[in-house]
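**Q** With the input below, show me the fold.
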Amino acid sequence: MKQNIKYEDAVRRLEDIVTRMENNELDIDTLSEQLKTAQQLIKLCKDKLTKTDGEIKKLLDKHSTGH
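**A** Predicted coordinates:
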């Protein structure tokens, strides 16, 4: 899984996987593969959100302390 994928693209891919699962469009082999992909996409999104949250907190702390 490429780490440089944009958050929005990862979310779109996750939504596509969920839709295909809900519509029973995946055979068992593809389902297994797609679940692995979904796990990687979820981790990527979580990591990006955590990183962004940390950056925002640093900026807010810096702004509130005047440094």
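
**Q** C-alpha only now, for contacts and for neighbours.
**A** Will do.

**Q** tell me which helix or strand of the protein sits lowest on mean pLDDT?
**A** helix 28-65 (a mean of 93; mean pLDDT, DSSP states H and E).

**Q** Roughly how far does the most centrally placed residue in the chain sit from L60?
**A** The residue lying closest to the centre of the chain (C-alpha atoms, centre = their mean) is C45, at 2.3 Å. As judged by C-alpha to C-alpha, to the nearest Å, C45 and L60 stand 22 Å apart.

**Q** ditto for L26
**A** 45 Å.

**Q** higher neighbour count, the two?
**A** L26 (15 against 12; other C-alpha atoms under 10 Å).

**Q** Identify the residues contacting that one.
**A** Going by C-alpha atoms under 8 Å, 6 or more residues apart in numbering, L26 touches R20.

**Q** That one in helix, strand or coil?
**A** coil (DSSP: H, G, I helix; E, B strand; the rest coil).

**Q** Tell me the spacing between the residue nearest to I17 when sequence neighbours are not counted and D16.
**A** Using C-alpha to C-alpha, 6 or more residues apart in numbering and skipping the chain neighbours, the partner closest in space to I17 is Q34 (6.7 Å). Using C-alpha to C-alpha, we find Q34 at a distance of 10 Å from D16.
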